[in-house]
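Undergrad: can you look at this prediction? I've put the sequence above it.
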Amino acid sequence: MTHWIIAPVVLPAMLAAFIVLVVRFHQNLSRVFSVAGVVSLLVIAAGLAWQASDGTITMYQLGNWAAPFGIVLVADRLSTMMVLLTAVLALLVLLYAIGSGWDRRGRHFHSLYQFQLMGIMGAFLTGDIFNLFVFFEVLLIASYGLMIHSGGTRRLRAGTQYVLYNLLGSTLFLFALGAIYAETGTLNMADLAGRVALIDAADNTGIRVAAVLLLMVFAIKAAIAPLHFWLPSSYAEAPAPVAALFGIMTKVGAYAILRIYTLVFPPDLATTGGLYGVWLLPVALIGLAVGMIGVLGTRDLGRLVAFSVIGSMGMLMTAVAQFTPAGISAALYYVVHSTLATAALFLIVDLVRAGRGTDGLLLRAAQPIPGGAMIAALFFTAAIAMAGLPPLSGFVGKLLILDASFATPLVWITWAVILGSSLIAVVGFSRAGSLMFWKSHQLAGEAAEQPRPEDQQGARDLPAPKARIPVLELTAVCGLLALLVAHTVLAGPVTRYMEATTQQLFAPTPYIRAVLDPPGKDLSKDPHHSDDAAAAQPDGATGHDSSDSKDEGGH
Amino acid sequence: MTGIVLIEIVIAAALVVGALFMLVGSIGLLKLDSPMKRLHAPTKAATLGVGALLAASMIHAFAFGDGSLKELLIMAFLFVTAPISANFIAKVAIHRGQDMPPPEPPNDDTWSTLDAPDTRPGRPDAPVEP
Amino acid sequence: MTKVRRSFLPHPFLTTILVVVWCLLANGITLGTVVFGTILGLLIPLATAAYWPDAPKGVPPAKVLVYILIVVWDILVANVVVAWIVLTRRNQDMRSTWVTVPLELRTPEAIAILAGTITLTPGTVTADMSDEGHCLLVHALDADDPAAVRDEIKSRYERRLKEIFE
Amino acid sequence: MELLFASAVGVLTAAGLYLVFRLRTFPVILGTSLLTYAVNLFLFASGRLTIGAPPILVDGVTRYTDPLPQALVLTAIVISFGMTAVVVVIALGAYLGENDDRVNDPAPDRSEERA
Amino acid sequence: MSLFLVVALPFLGALLPGLLIGAGRKVCAGTTFAVSLTALVGLLSNLPALLRGEVVQARVDWLPGLGMNMNLMMDGLGAFFASLILGIGLLIIAYARSYLSRNDNMGEFFTYLLLFQGAMVGIVLSDNVLVLLVFWELTSLSSFLLIGYWKHLPEGRQGARMALTVTGMGGLAMIGGMLILGQIVGSYDLSVILQNRDLIQADPLYVPALILILLGCFTKSAQFPFHFWLPHAMAAPTPVSAYLHSATMVKAGIFLMARMWPVLSGTPEWFYIVTTAGLITMVLGAVIGLFKHDLKALLAFSTVSHLGLITMLLGTGTAFGAMAAVFHILNHATFKCALFMTAGIIDHEAHTRDIRRLGGLRHLMPVTFVIATIAALSMAGIPLFNGFLSKEMWLEETTHTVLFGPDWLVPALATFGALFSAAYSFRYIGHVFLGQQRDDYPTQPHDPPAGMWLPPAFLTVLVVLIGVMPFLAEPAVRFVTAAVLGGAATLPEAHIALWHGVTPALIMSIIAVTGGLILLALFKPLIRVWESTPRPEAKTIFEAIIAACVRLAQAVTHGLHNGAFTQYAGIFTLAIIAAAGHAWFTGQSIAPSRAAMPVHVIALAGWLMLVGATIFLVIKHRDRLLALIVMAIIGLIVSVAFAYFSAPDLAMTQISVEVVTIVLLLLALNFLPDQTPSESSPVKKLRDGIIALVGGAAATGFTYHLLMRDFVSPTISDYHLENSYKGGGGTNVVNVILVDFRGFDTFGEIIVLGIAALVIFALTEALLGGPVRARLLNRVPDKPLSGDRHPLMMVVLTRVMMPVVLMVGIYIFLRGHNLPGGGFIAGLVVAIAVVMQYMASGFAWATERQRYPYHGIIGAGVLAAGLTGIGAWFTGNEFLTSAFGYVRIPPMEKFELASAAAFDLGVFLAVLGAVMLSLESFSRLARRAQMDAPEYAMDIDPSREDAPEVSDAMRTAGMSGERGTDRQEN
Amino acid sequence: MIAPDRLYDLALVFAFAALALAQLLAMIRLVIGPDVTDRILALDTMVVDAIGLIVLLGIAQGTQIYFEAALIFAMLGFVSTVAYARFILRGDIIE
Ligand code: NA
Ligand code: NA
């Protein structure tokens, strides 16, 4: 039996509690523990991913209660991949947070960060749908804390809306869970898969509504239009490292859709068949369009990136909504890309923010910022990735998705929206970049009052003001961009991995067997009594049935 | 058999009495015409009403179950807290001037509720000029 | 000696109450219940001693019992009386009035018990206390003579409490 | 009985939604609380309604209500309590900063603010 | 050298200039030159194989699943273009070395240039259309950087964006086209696609693919109506214009049309679209070019025109046309690149490119004059220069081309265009170099250093060499043409020669040259007419379109994301109702399987109260305190309902949470306005009400539907009921589920609570450390306050009640496993006991007497729960595996010891800590200036008769004395 | 003469009905107010009535399981009444 599966959940939780209990007054120690924790997490995640990479599905019964009666964690290719992605992102973002000092601008950053990771990891690993709700709540409440980290009225205002919207989402989640339990009498996902299939097609309204409500819940998380409204302000106002980490949170929604709607409500299931296929693809396309229009329409660089997140989620869901192997492996490739690119952009924007000071992120020229050329180059690279231009992974992902959409009936609309929104994104990003990075040189030149443009010698390359070289921040950003490059260069092996992952999703029998019928589990042996107690008390509990329960009912 | 019948009659009586007193409390709450008057009805009637019901419960437990005196605890609890609740509600009524103004206390300056904090600097409720 | 006692048994009366409460909660008097209840009854007052800095001196149990019996009887009568008034009397026929009760009691615990007694008994509610604590403000639901009400409170309850506490 | 229960859920939902659509944070938070009541009742009812059969094992008794939804609702109550506490304090913080407890942000794009 | 290396070298080399700029400009330029030279040599090293008739290939898998592989191939066409790119690149690098001023960041420039070069080489050597697309878009991106290189110039930035937008759009369209081709053929390999002419042309998707690919080509090669970006790209430094906008990038579209010629050409669609676009572009560019005063603008429109010419040649779909196109590509590259360089020289030396401020430069800049004249004459189509030869071939081809009926239309238009072409060429010579020398040049011009004139001079040598001895170029042209035709047509017999006799083409040529001279003579009146003629300005239109798009985007974005939570919530609700409604109405249901329970009087009353309270709340919600009171009542009713429906644990939890919530809300309401203003119009209220009612009706219907149906399969909770005692050691099944069967949920749940408290604490800290602090400290209560903060009766009661309540809490904790209760409720009960103390004597007074850090309690709780779970590992069991047993310590009766109790203790601590930390945070906010902790538990204490009012002196004395002696002995 | 067991059942029914009526009357006071004082009083009454209801429930079902619930209702009803009153009196309920 391996306990490693639970480590990504328990390690951050224990570490966070430890930081709260012991080192909450020692910033440096908090940092050390936090980084050490995330590094360990990365190692564990890599181990889990490696273990799952040959198709092994590992199951862990919490409290040693067999599924579906207890809660289980399941590590298959998809969940371990998401865990690994989270760990990688977490490490780089944490470095940025420490380097930029964001972690010191409020209290309890590291505890909340660890709790946030716990929630995300739990959501990826759990095999129980109510437990998924609990982890959603853990990651949400930690995200509330991180989002309003260090306060500020604007951030709090956005935070209020963010929390309220997600409260509505959580309420909806519970409605969906209630409906699912009322229909099936179980909460275990693998068990659900079997029981949903048993539901009489002539009496399927309940389960259909449940399936749709659940999908809406995940759609909120995945910021699918028209349930994306919580995103722009909260991501734009969140501290940069937090927004960067949030890149994975929208993916939690996408992950849940992938998991539930291949395992429990697969596309070929008669009971719920043809239900979301009708409108999931259109709304994904609307999200893609709305996001990229936002990139062009916003007046603030932070919001621009936030809108690009909406766009990229629309893109991702466009691939998911096809529910074909090709579509889903394209989506999986895009998940990694979009997470890394989003994070990189948020961090770069924060470098801009730090440099521009009071000028903020409003899309307009300001005086050149220290290290401007470097930051501009980073922005350019990340923007290329995000807009899906070659040569980075955004382009590869886009090609994969376009190629996969060829099989759908809506292929022309899909292509038109994907390509059209790419164009809008290109225009939006180039407009923003040239306003933020290039126009500053004109301002500097006008200040120098040079009459002829080509003679504005002074304006061409201003000696930038000397500043601290942000080593950790650049490490984080460059690390993310390097990962994007690797994701592009290694697209072949990566897509092979994703295809195998997709195959695992589309053939859920091994998953279900691993959960409900695990090999080597002797269910007859009851582990729930300590041997000592049983030995000391031979007439004790072991042989008891409920008939003598009253004896022990005193206190 | 007759014992049980007798007990059932006793329980029934306690139930009726208790329920009646609780009902009277609510009737008073609705009927009486000033806040201080209304305060009398529920805080009294309801305590005895619940008391009778709890007594019924105790008798029931002793007659048909394992026997229980736990109900005494609830009774004690209600009896101890009811005056405090009433006191606070009365203070609210006085503070908000909801009833006829109380007479001056014979040997002190004023009633504590009406001893409104002044706003002189240095007093707990005084605002400080920014 | 007193100091030593106070350091591990700050409120013997409270401890007694707690042990009784525990036995009531556990719904039985077995050895285990009593032992455990006593442990808690000793520990909890210690943990909360700072909130009850100074206990009144010992109280004579017999007088307390008499007082309790009187009050319980009065409560029963009061409830019937008040219920009758509520059900039968028209609002305008009720002579509700304020009654001020000057206090001879000084111990807060005693005053609190007096005030509670007033509220629980016939047609009266303790509404407030004067700003230096020398007088209670009582509201009577139906009283011809406020002075009579005041005198009855002072003679029937305050006198007994003064004997118990001071 | 089922209809009474269902309509109670519906009334709470409707009232909650109506308050969620109000313009100040306070009624909106009240609205979410009402919705929480509604959904807790709904989740509770997913085990079907039973009277007089609490899931406390007693000798000789075989009829118990479904305990699982109760455990789920318990978890849900606790979680929504935490969420409510957080949203209250965040909304309070926003109010204290701007002396404005409107739930709508007049300038999400910050352009007006800077202009 | 491997083709990979040829393509990769510029990319790898792009790193060097930026790194080496510190070592000096010479090193920087030298390195760049060396990189390009190496790549060129490497390319040429493959020539022998090519000449042997092989197609040089290099293949490596990249993304085989998609068919996107790094496959490169070099045939004649690729070799021709690659040599052109690398060869001219060398000249440009040399030229730029002198052209760039000391203040230009040369490292940056050469980095971009090499990136661009690599991308171009990549395009022409790709054997995979997807990889080609990668390089294609890379040229757009690198040219964006190059055009915007002078960041301080608004024209540069705008030009860059315009170029990126237009070519980017084309590129995106081309992605679609290429994907369609790939789908038709089943491979994205170019060599495979080129084999499948018939398959492609027969496919119904041929036309969409063709249009999409042509969109890419036309935008890149500035064909009408996408021609307008090119002149604006002239804001770039001249080496960029010379390289990108004459010789290479704009030829990428041409290249691709040539590349795809075997499979796409020869259909009517191809012919009409390509030929027409080319012809229009040719004429339009020529006419506009004549009237441009900026040297580079003149050249830019001339480039547009010449690109149109080549496009038209490819469009005719004949082998001869293809050959003429290939030849003109070569010739245009030589003379136009040279001309751009001369324009750059003039700009560099005279500090102006405005023809109206120039003239008479032939004496001041003789070398430049010679170079420019040769190149311009070639452009005009004068014999002995290479331009003449290919132009003749073009004119010849036009005479065989029939478009839209009349057979004279194409030749006539061609002659017309050629006439203007000659005119602007002559103008370039006449108005710049000839005529009167002036004394008002911005600076006195002279010939540039050799580094600047040698590169164009080298090109003019080629111009003349090919012009005089066309047979030198002919084998190469035929070789390349063969590659273009790719077996789809046979190589034409025609030869390239100076003299073919008096052909129609020659006559057209003569007309053009003569007419050009006349036009130039009439230039003054013509320009007046031109300038007084209103005509659409492409830049203005483009910018208007972009601005309109931006405005539209802004309107959409701000309209949708307007910050109105109200609107978001409304959309949320409607979306859910719609989706759920869709699911409902497309499903099927049968009659209920359960019988309805009878309605009990108490249930009816509860229902009436709940509905009444809820409606009352909605009506009166603006009175916030009242709303909270009604909330408490609703909570009360819900709690009783839980008890009624057999859920005592839930009833207890609900009421406890309710009270703590109310306490928190009251604490918050203390800071908030007491009233909610009425702001919504009746219409909005009605709208909201309708949405809310629909939502409520849906919830009612769905709940009823589920309640009236049995479970399809037995629920898993049967197992819980069965095993709660046997396996979990408890008779309270709900509690056993919470701490054992589903303890992991509970673990998450207490973490949620802990986080909530941490968030509240952190936010309080942030508020108290920010600008809000002063406001909080100086807050004046917004309503009249009563006296007597800590009433005697309450204080006395609490002294007895708090210990009792604590005991009740402990009891509820201990019995939870078997009877209603447990750690969570116990935590709340204990918290409420402490709250009672706070309400009695105040937070400050109580806190001074209590020193358990609430953070610590939370942390300890989570750790306790987690460590209990981890403890199971040491017995070889899974996380949270419980163990229990029964212990007897004589003489007491046996009692149960369960690890679940330790877990529940963690729950208890976390809940307690979380509630208390939240309360503490609120209380810290409420502390106003000069509010000290009171010394005494109660404000009025008659036993304290002679104790004066609370004063600082007494306070200090009290603090120094034994804490808690707050009463004199009496 | 009514049979004694029937009498017991009738008494239970009467008690339930009386409590239901009591709750509704208190509810009416809550709605009509007029002052917040009356509403707090109504809430206080309703909590006590709810305790009575739970006790009745226990008697009717012959179980002691609801006892703790009633106890907690008693504790918390008191706390919330004091909290509302303190809010009106002092604004800050735990100052
Ligand atoms: Na021309
Ligand atoms: Na207020």
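TA: Structure received. Ligands and ions are numbered 1, 2, ... in the order given.

Undergrad: what comes up buried for the helix or strand containing E:I213?
TA: Take DSSP states H and E as the rule and E:I213 turns out to sit in helix E:206-220. Of the residues in helix E:206-220, E:206, E:209-210, E:212-220 count as buried by neighbour count, 16 or more other CB atoms under 10 Å in any protein chain shown. To be clear about C-beta, it is placed using only N, CA and C from the backbone, and glycine gets the same treatment.

Undergrad: closest one to B:A19 out of these, please.
TA: Of all the buried residues of helix E:206-220, B:A19 sits closest to E:L212, with 83.3 Å by CB to CB.

Undergrad: for E:L179, see how far away the closest one is.
TA: 9 Å (CB to CB, to the nearest Å).

Undergrad: over to E:L290?
TA: When CB to CB is applied, the distance between E:L290 and E:L179 equals 42 Å.

Undergrad: could you do A:I129 as well?
TA: Between A:I129 and E:L179 the distance is 38 Å, computed by CB to CB.

Undergrad: assign the spatially most central residue of chain F to helix, strand or coil.
TA: Nearest residue to the geometric centre of chain F (CA atoms, centre = their mean): F:D49, 2.0 Å. Following DSSP: H, G, I helix; E, B strand; the rest coil, the label given to F:D49 is helix.

Undergrad: that one touches B:V24, doesn't it?
TA: No - under the criterion of CB atoms under 8 Å, F:D49 lies out of contact with B:V24, with a separation of 11.9 Å.

Undergrad: can you list contacts of the helix or strand where E:F255 lies?
TA: Element membership for E:F255, per DSSP H and E: helix E:249-259. Helix E:249-259 is contacted from outside by E:77, E:81, E:84, E:116, E:120, E:123-124, E:132, E:136, E:139, E:143, E:170, E:190, E:213-214, E:216-223, E:230, E:243-244, E:264, E:274, E:303, E:307, E:310-311, E:314, E:322, E:325-326, E:329, E:333, E:484, using CB atoms under 8 Å, 6 or more residues apart in numbering or on different chains.

Undergrad: what distance do you get for the residue of chain F found nearest chain E to D:G10?
TA: The nearest approach of chain F to chain E comes at F:A20, 3.4 Å away (CB to the nearest CB). Look at F:A20 and D:G10: by CB to CB, they are 22 Å apart.

Undergrad: one more: A:F307?
TA: 37 Å.

Undergrad: so how far is chain D from F:L19?
TA: Taking CB to the nearest CB, to the nearest Å as the measure, F:L19 falls 16 Å from chain D.

Undergrad: and that residue, how many neighbours?
TA: As a burial measure, the neighbour count of F:L19 was computed by other CB atoms under 10 Å in any protein chain shown and equals 26.

Undergrad: how about the helix or strand harbouring it, does it reach chain B?
TA: With secondary structure defined by DSSP H and E, F:L19 is part of helix F:4-32. Yes - judged by CB under 8 Å from any CB of the partner chain, helix F:4-32 and chain B are in contact via F:4-5, F:7-8, F:10-12, F:14-19, F:21-23, F:25-26, F:28-29.

Undergrad: now do the contacts for B:A45.
TA: The contact partners of B:A45, by CB under 8 Å, 6+ apart, come to B:21-22, B:24-25, B:28, C:79, C:82-83, C:86.

Undergrad: make it 10 Å
TA: By CB atoms under 10 Å, 6 or more residues apart in numbering or on different chains, the residues touching B:A45 are B:20-29, C:78-80, C:82-83, C:86, F:22, F:45, F:48.

Undergrad: for chain C, give me the ranges with low pLDDT.
TA: Residue ranges of chain C with pLDDT under 70: C:1-6, C:55-56.

Undergrad: domain assignment for it?
TA: Structural domains annotated on chain C: C:2-51, C:61-165, as defined by automatic domain parsing.

Undergrad: right, is the shortest one up against chain D?
TA: What it means is domain C:2-51. No - using CB under 10 Å from any CB of the partner chain, we find that domain C:2-51 stays clear of chain D, coming within 14.8 Å at best.

Undergrad: can you tell if that domain touches chain A?
TA: Yes - Domain C:2-51 comes into contact with chain A (CB under 10 Å from any CB), by way of C:22, C:25-28, C:30, C:32-33, C:36.

Undergrad: in helices only, show me the contacts of helix E:249-259.
TA: With helices identified by DSSP state H, the entries of those that belong to them are E:77, E:81, E:84, E:116, E:120, E:123-124, E:132, E:136, E:139, E:143, E:170, E:190, E:213-214, E:216-220, E:230, E:264, E:303, E:307, E:310-311, E:314, E:322, E:325-326, E:329, E:333, E:484.

Undergrad: show me the helices in chain C, by range?
TA: Along chain C, the segments classed as helices by DSSP H run C:2-8, C:12-26, C:31-47, C:61-88, C:108-120, C:146-153, C:159-165.

Undergrad: tell me which of these sits most buried.
TA: helix C:108-120 (a mean of 26; mean count of other CB atoms under 10 Å in any protein chain shown).

Undergrad: so that one, near chain E or not?
TA: Yes - judged by CB under 10 Å from any CB, helix C:108-120 comes into contact with chain E at C:108-116, C:119.

Undergrad: OK, contacts around the residue in chain B positioned nearest to chain E?
TA: Scanning chain B for the residue nearest chain E gives B:D115, at 3.1 Å (criterion: CB to the nearest CB). Counting by CB under 10 Å, 6+ apart, B:D115 makes contact with B:108-109, C:128, C:130-132, E:786-788, E:939-940.

Undergrad: returning to that earlier point: which among the residues of helix C:108-120 next to chain E gets closest to B:K44?
TA: Using CB to CB, the shortest approach to B:K44 within the residues of helix C:108-120 next to chain E belongs to C:T119, at 8.1 Å.

Undergrad: pull out the buried residues from the lowest-mean-pLDDT helix or strand in chain B.
TA: One helix or strand of chain B scores below all others by mean pLDDT, DSSP states H and E: helix B:35-64, with a mean of 87. Of all the residues in helix B:35-64, those buried under the rule 16+ other CB under 10 Å are B:35-61.

Undergrad: what is the orientation angle of it with helix F:4-32?
TA: Computed by axes from the mean of the first three to the mean of the last three CA atoms, to 10 degrees, the angle separating helix B:35-64 from helix F:4-32 equals 150 degrees.

Undergrad: with that, I have no additional questions.
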